[in-house]
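*Asks:* build me a structure from this.
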Amino acid sequence: MWIHKEQKYIRRSTRSRNLETSIVTAKEMYLDIHTKLRMEEPIFSKTFLDVCNEFLEHKLKEVGVNKTHGRWVTIKSQIKHVLKFVGEDTKVTDVSCSKWNEYFNFRKQNNPTVVNTTLSNEKNTILGLYRFMVTRRYLPPTYIPELPHISRVSRKREHFTLEDWRKIYRYF
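*Replies:* Numbering: from 1, shown residues only. Modelled structure (predicted):
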């Protein structure tokens, strides 16, 4: 079937040798495709690389409005880790929600010094990416993953001792 909007053919198999079953299945597939076309949903799944580039362009437009350039650079860095995890050529519909449970282990294996605060921020970026895909109708809302909770215990420096305060005070 030719999809004019995408300028591509779609070809599906009914996976049946029985003619009657194949005809029924083919009609259902045809109706599903037409429903997607009428609802203006994409027929072909996009790759993570395409969606991530589109997401970064969208976030770049927010710089100066409600984001700083530094935050955008951080998001860009986080998206690189996401692409490394799922693969650039992977279709967005091919990644199951359960795969994201492995993301934090993947990050800690590749960079053992990564802190939980960074992972928590990456979690928010991933969820933002998925919300972006839902609003653009690349995915249905059921695809938004539930990422595991990360404790935000941060590494804090030690407090100044009384002697340190005296040195600082005397210096000033």
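*Asks:* give the buried residues for stretch 65-78.
*Replies:* Going by neighbour count (16 or more other CB atoms under 10 Å), the buried part of stretch 65-78 is Trp72, Thr74, Ile75, Gln78. C-beta here means a position set from N, CA and C on the backbone, and glycine is covered the same way.
*Asks:* average pLDDT across it?
*Replies:* Stretch 65-78 shows a mean pLDDT of 90.
*Asks:* tell me the gap between it and the middle of its chain.
*Replies:* Offset of stretch 65-78 from its chain centre (CA atoms, centre = their mean, to the nearest Å): 16 Å.
*Asks:* contact partners of it?
*Replies:* Leu56, Lys59, Leu60, Glu62, Val63, Asn121, Glu122, Thr125, Ile126 (CB atoms under 8 Å, 6 or more residues apart in numbering).
*Asks:* buried among these? Need that as a selection in ChimeraX.
*Replies:* Burial among the contacts of stretch 65-78 is assessed by 16+ other CB under 10 Å; the matching ChimeraX selection reads:
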select :59,121,122,125,126
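*Asks:* between the contacts of stretch 65-78, which is nearest Lys5?
*Replies:* In terms of CB to CB, no member of these lies closer to Lys5 than Leu56, at 24.6 Å.
*Asks:* which stretch of helix or strand covers Leu83?
*Replies:* Assigned by DSSP states H and E, Leu83 belongs to helix 69-86.
*Asks:* after that helix, which helix or strand is next?
*Replies:* Heading C-terminal from helix 69-86 (DSSP H and E), you reach helix 103-110.
*Asks:* could I have the CA atoms of the helix or strand just after that next one written out in CSV?
*Replies:* Going down the chain from helix 103-110, the next helix or strand is helix 116-135, by DSSP H and E. Only the C-alpha atoms of helix 116-135 are listed here, as CSV (Å, rounded to 0.1, in the frame of the first residue of the first chain):
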residue,chain,number,x,y,z
ASN,A,116,22.9,9.7,41.8
THR,A,117,22.0,13.3,41.3
THR,A,118,23.2,13.1,37.7
LEU,A,119,21.2,9.9,37.1
SER,A,120,18.1,11.5,38.6
ASN,A,121,18.5,14.5,36.2
GLU,A,122,19.0,12.0,33.3
LYS,A,123,15.8,10.3,34.4
ASN,A,124,13.9,13.6,34.0
THR,A,125,15.4,14.1,30.6
ILE,A,126,14.4,10.6,29.4
LEU,A,127,10.8,11.2,30.7
GLY,A,128,10.8,14.6,29.0
LEU,A,129,12.0,12.9,25.7
TYR,A,130,9.1,10.4,26.0
ARG,A,131,6.6,13.1,26.7
PHE,A,132,7.9,14.9,23.6
MET,A,133,7.4,11.7,21.5
VAL,A,134,3.8,11.4,22.9
THR,A,135,2.9,15.0,22.1
